[in-house]
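Student: Using only what follows, build the 3D model:
(chains A and B)
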Amino acid sequence: EDKVVQSPLSLVVHEGDTVTLNCSYEVTNFRSLLWYKQEKKAPTFLFMLTSSGIEKKSGRLSSILDKKELFSILNITATQTGDSAIYLCAGASGSNYQLIWGAGTKLIIKP
Amino acid sequence: NAGVMQNPRHLVRRRGQEARLRCSPMKGHSHVYWYRQLPEEGLKFMVYLQKENIIDESGMPKERFSAEFPKEGPSILRIQQVVRGDSAAYFCASSPGQGALNEQFFGPGTRLTVL
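Tutor: So this is what the prediction gives:
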């Protein structure tokens, strides 16, 4: 059965710290892995990763995929209170269009 | 370009009533996905629709739940005879193409509470 597992489930750090969020996956006919940020409302898209070893970057956020070890990490440097959210990762299968979602990592940034 | 729109944002129903959730995709998007999110859980796929077609409803309970995406108008997720276990956030997402390599844009969700 396809599954996506995120760790840790929750994380509390102080502003300015760097955090690494983990996502491991087992997805049939894997095509891509997606990261989303969910605050109080809808998930918003962060990254889509399809190739192994190529880092994607957006400001203080970056992410990389390892297709051999079947995981991805999301890094956030110099964290700010506005980074507090649930971070979701999802695996996309080539055999269908369903995204298989992890349970999320709840990140709390303390001032 | 307005994003994905969902209404109502909050819906309260008593057990046995019907709930209708609406989703208008982004302009130019013809693919709609519905997800359910229970407290402390990730999103669970329910159904994938294109205009006038249900492509995959494998994630949707076979009873009481139905979905449509008519040629004109929003996509509707309908839950008949709601029970307390239906209380959840229901998110709709849309994409311009088929799922995997087009990121899905999410609406703000409808929070359904069943009393």
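Student: so where's the chain uncertain?
Tutor: Reading this off chain A. Residue ranges of chain A with pLDDT under 70: A:95-97.
Student: look at chain B instead
Tutor: Ranges of chain B meeting pLDDT under 70: B:1, B:40, B:98-102.
Student: Do you have the strands of it handy? List them.
Tutor: B:5-7, B:10-13, B:19-24, B:31-37, B:43-50, B:53-56, B:65-68, B:75-79, B:88-95, B:105-106, B:110-114 (DSSP state E).
Student: Please apply the same query to chain A.
Tutor: For chain A, applying DSSP E gives strands covering A:3-7, A:10-14, A:19-26, A:30-38, A:43-49, A:56-58, A:61-66, A:71-76, A:85-93, A:99-101, A:105-110.
Student: Throw the strands of chain B into JSON lines and include distance to chain A and mean neighbour count, thanks.
Tutor: Any C-beta I mention is one placed from the backbone N, CA and C, and that applies to glycine too. Below are these laid out as JSON lines (distance: least, Cβ to the nearest Cβ, whole Å; neighbours: other Cβ atoms under 10 Å in any protein chain shown):
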{"stretch": "strand B:5-7", "distance to chain A": "8", "mean neighbour count": "18"}
{"stretch": "strand B:10-13", "distance to chain A": "12", "mean neighbour count": "15"}
{"stretch": "strand B:19-24", "distance to chain A": "11", "mean neighbour count": "20"}
{"stretch": "strand B:31-37", "distance to chain A": "8", "mean neighbour count": "24"}
{"stretch": "strand B:43-50", "distance to chain A": "4", "mean neighbour count": "22"}
{"stretch": "strand B:53-56", "distance to chain A": "7", "mean neighbour count": "14"}
{"stretch": "strand B:65-68", "distance to chain A": "15", "mean neighbour count": "18"}
{"stretch": "strand B:75-79", "distance to chain A": "15", "mean neighbour count": "20"}
{"stretch": "strand B:88-95", "distance to chain A": "6", "mean neighbour count": "24"}
{"stretch": "strand B:105-106", "distance to chain A": "4", "mean neighbour count": "21"}
{"stretch": "strand B:110-114", "distance to chain A": "10", "mean neighbour count": "18"}
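Student: related to what we said a few turns ago, redo the strands of chain A as TSV? Include mean neighbour count and distance to B:Pro39.
Tutor: Formatted as TSV, the strands of chain A follow (neighbours: other Cβ atoms under 10 Å in any protein chain shown; distance: least, Cβ to Cβ, whole Å):
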stretch	mean neighbour count	distance to B:Pro39
strand A:3-7	17	16
strand A:10-14	13	14
strand A:19-26	18	20
strand A:30-38	21	13
strand A:43-49	20	16
strand A:56-58	12	29
strand A:61-66	19	26
strand A:71-76	20	23
strand A:85-93	24	12
strand A:99-101	25	15
strand A:105-110	17	12
